[in-house]
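Student: One predicted model, sequence on top.
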Amino acid sequence: MNPFDIALFAAAIRLSVPLLLAALGELVSERAGVINIGLEGMMLAGAYAAFLAAWATGSVGLGLAAGIVVGVLLAVVMAFVSVTLRGDQIVVGVALNLLAAGVTMFLYRLQFQGTQPTTVRMETYPVPLLSDIPVVGPVVFNQLPLVYLAYVIGPVVAYLLYRTQLGLRIRSAGEKPEVLDATGCDVVRVQWGAVLTAGAFAGLGGAFLSVGQVGLFAEHMTAGRGFLALAAVVFGQWRPYGVIAACAVFGFTDALQLRLQSMGEVPREVWIALAVVGVLIAGFGALRARRSGSPLRWVLLGAVLCIVVGVLGAVLVPGFALPSQFWLSLPYVLSLVALASASRRVRAPAMIGLPLPARN
Amino acid sequence: MSRQALRGAAVSVLAVVVALAASLVVIALTGVPLDKAAAAMWDGVFGSPAQFGATLTKFVPLVLAAVGWVIAIRAGRLNVGLEGQILAGGTASAAVGLYLTGLPTVIHLPLAVLAGAVGGAALGAVAAWLWARRGVNDFIATLLLTFIVTQLVSWLANGPMEEPTGTLGQSAPVADTARWPILIPRTTLRADILLVIVLVLAVAYMLRRTVVGYRLRLTGANPAAAQATGTRTQLIGVGALCASAAIAGVAGSSLVVASPAGNLAPGFSANYGFDGIVVALLARNSPLGCIPAALLLAALRQGGGLLEARLGISNGLVTATQAVVILLVTGTAWYAERRRPRRRTAGSSEVPAPVAEGARS
């Protein structure tokens, strides 16, 4: 049985969207020098607020708006403590995660007393004409409206960061705030803006989970997606298109993992696909290594591993079942390997995790 | 105590008072009488020897995780992956307890605890290698490793290490010879608390009175000065990360071989790694200060449990209270640390100079 069907790819795109929204916001924030570990909390709070608003009003739009508002509210706390008061970013992020987990659990249990009500949810919107294209149509153009929006925001963020003055300011805030300060620009304001953007996007990503996809809320329903979005920024090496690709990959592994769980064994096609991926990695790696001088041995090692495992798997153990935990940890492994194998030129923005220098 | 230490302690106490007051207001708003809530909290913590024993049982992993954080942060390293190191240590400890049978307690138990430390340190070493050799941020490396280990432990507990019937999704209890003896009868409190106190004192002594401790603090406070005076800052950073992870590993070991069930279950560390950061913050990164701070948070956890069981006030409130404490303490750090050279300012602590040069050229 071939798992690679239209439903799988459509699911992969849908599952990548909450990650993508949160990761794009986080990208802006990290480029401005503020790492936001509290992304998970912002998503969770956004999901809850969106659910609550949609449940109370019966409107999806109001739900999404509520998600954004609550994401921004948490971001205000983040920005105030870490940017204005210069507290430790990591620690504030941990606090926000605790806060969101605690408050949503407390309120949800208080209000619904163990019941799990459902509410309205977003309807899919097939794009006219385009959704009639065979294969591509149902995969790409028969999705929830937020899916299109997320994939439009991606290039917008790329344009913003690299082609506008604001983008230059954001990037300077994350690399050399002293210089930005010397040009007469208010660094604190730039960082505030970046953090609030991250909050809004994370809130929207959370809202997508509750109101967009399922129309209900569950405690801890983000289930680590905020951290996954953090990993996507790392895997995407702090570049917009890298982040988009990373989210697509993570969404795909998530969809594949869900599918394989229901199938019980790993079909031969998966092994073959793995071998093909290995060949592709080797090809791209060689191409990039020639251009940028990144160490090729890591890429080759990964590619050879993929090919060997894929071929062996296809020939020897077609019925072998990989545990779901393997797939769930794969994005984090990929991110760490990508970071460890990247050339020295790929690195986090210099100011990540650090407070702005004191002005005396 | 110096003025700064006093001021720091005052801020911490105030933060706790404010956060508790806020949660009291929330409880009152839900319509539960405050005296009943307070009584439930009190009974939860001190109500019976069993309850108090349970509080102290929660104190053990909290204080260890906190001290682990302190060692790393004093060297300028952020070990956000304590949770993963707890899981790694606990798993290693469980493996020794399960598979190395037939040993007397005097050998088996120390081996199990040691395995915990080694397991934690091994994970810390991976993060340290990524940081020192590959220029990966310490907090990104430790955090990502935590999620990988979480899945790994979940797989082990549901697969290779699962108990023989294979239905419970957790391991069989470890051999009796690998378990800590019960300290107070009819409570969950085991003798590991004694080891923990010794460990905390040892860390405090190490940081304050030894050359290594001095160099470690110097590295955290001013890497340039440390380097200029002949400290190998990168080595200190690696050592601090590994030591921090080893202590978290011991915490994980306690959560397995000193727990009532004495087995390995997925997610056996119920957020202790992250709560340990809260404790260390409250203690203003002083190892000895971690003891009262951990007692307080353990009491909150334990009392909050009874609050939920008796009055239906969700545990989420305790979590949120902790978050408010962190925010208040972090937000006022500038006040408590006034007139002291800033520990983490731009360009001084991110990566030791040699790596930084390489990374930025």
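Tutor: Thanks, I have the structure now. Numbers count the residues shown, from 1 in each chain, chains lettered A, B, ... in the order given.

Student: quick one: buried residues of whichever strand or helix holds A:Q261?
Tutor: Using DSSP states H and E, A:Q261 maps to helix A:240-263. Within helix A:240-263, the residues that count as buried by 16 or more other CB atoms under 10 Å in any protein chain shown are A:240, A:242-260. All C-beta atoms are positioned from the backbone trio N, CA, C, and that covers glycine.

Student: pull the CA atoms of that helix into PDB?
Tutor: Extracted in PDB, the C-alpha atoms of helix A:240-263 (Å, rounded to 0.1, in the frame of the first residue of the first chain):
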ATOM      1  CA  PRO A 240      12.900  33.200   5.700                       C
ATOM      2  CA  TYR A 241      12.900  30.700   2.900                       C
ATOM      3  CA  GLY A 242      14.900  28.300   5.000                       C
ATOM      4  CA  VAL A 243      12.300  28.600   7.700                       C
ATOM      5  CA  ILE A 244       9.500  27.900   5.200                       C
ATOM      6  CA  ALA A 245      11.300  24.900   3.900                       C
ATOM      7  CA  ALA A 246      12.000  23.700   7.500                       C
ATOM      8  CA  CYS A 247       8.300  24.000   8.400                       C
ATOM      9  CA  ALA A 248       7.300  22.100   5.200                       C
ATOM     10  CA  VAL A 249       9.700  19.300   6.100                       C
ATOM     11  CA  PHE A 250       8.500  19.100   9.700                       C
ATOM     12  CA  GLY A 251       4.900  19.200   8.600                       C
ATOM     13  CA  PHE A 252       5.600  16.300   6.200                       C
ATOM     14  CA  THR A 253       7.300  14.200   8.800                       C
ATOM     15  CA  ASP A 254       4.400  14.800  11.100                       C
ATOM     16  CA  ALA A 255       1.900  13.800   8.500                       C
ATOM     17  CA  LEU A 256       3.900  10.700   7.500                       C
ATOM     18  CA  GLN A 257       4.200   9.700  11.100                       C
ATOM     19  CA  LEU A 258       0.500   9.900  11.600                       C
ATOM     20  CA  ARG A 259      -0.100   7.900   8.500                       C
ATOM     21  CA  LEU A 260       2.500   5.200   9.400                       C
ATOM     22  CA  GLN A 261       1.000   4.900  12.800                       C
ATOM     23  CA  SER A 262      -2.300   3.900  11.300                       C
ATOM     24  CA  MET A 263      -0.600   1.500   8.900                       C
END
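
Student: mind checking how far it is from the chain centre?
Tutor: Using CA atoms, centre = their mean, to the nearest Å, the mean C-alpha position of helix A:240-263 is found 11 Å from that of the whole chain.

Student: cool, and stretch A:84-103?
Tutor: Offset of stretch A:84-103 from its chain centre (CA atoms, centre = their mean): 19 Å.

Student: touching chain B at all, it?
Tutor: Yes - using CB under 8 Å from any CB of the partner chain, stretch A:84-103 reaches chain B at A:85-88, A:90-92, A:94-99, A:101-103.

Student: Three-state assignment for the residue lying closest to A:V103 once chain neighbours are set aside, please.
Tutor: Leaving aside its sequence neighbours, A:V103 sits nearest to B:A320 (CB to CB, 6 or more residues apart in numbering or on different chains; 5.0 Å). Secondary structure, DSSP: H, G, I helix; E, B strand; the rest coil: B:A320 is helix.

Student: Pull the number of nearby residues for B:A320.
Tutor: 26 (other CB atoms under 10 Å in any protein chain shown).

Student: just B:G120 next, same as before
Tutor: Neighbours of B:G120 using other CB under 10 Å come to 36.

Student: quick one: contacts for it?
Tutor: Going by CB atoms under 8 Å, 6 or more residues apart in numbering or on different chains, B:G120 touches B:85-86, B:88-89, B:92, B:245-252.

Student: Give me the most central residue, chain B.
Tutor: With distances taken as CA atoms, centre = their mean, B:A65 lies nearest the centre of chain B, 1.4 Å away.

Student: Break down the stretch 51-200 of chain A into its helices, ranges please.
Tutor: Applying DSSP state H, counting those that start in this stretch to the stretch 51-200 of chain A gives helices spanning A:60-79, A:89-112, A:136-140, A:145-163, A:165-175, A:177-182, A:187-207.

Student: Could I get the buried residue list for the lengthiest helix in chain B?
Tutor: In chain B, assigned by DSSP state H, the helix with the most residues is helix B:105-134. Neighbour-count burial for helix B:105-134 flags B:108-109, B:111-132, B:134 (criterion: 16+ other CB under 10 Å).

Student: Many thanks, have a good one.
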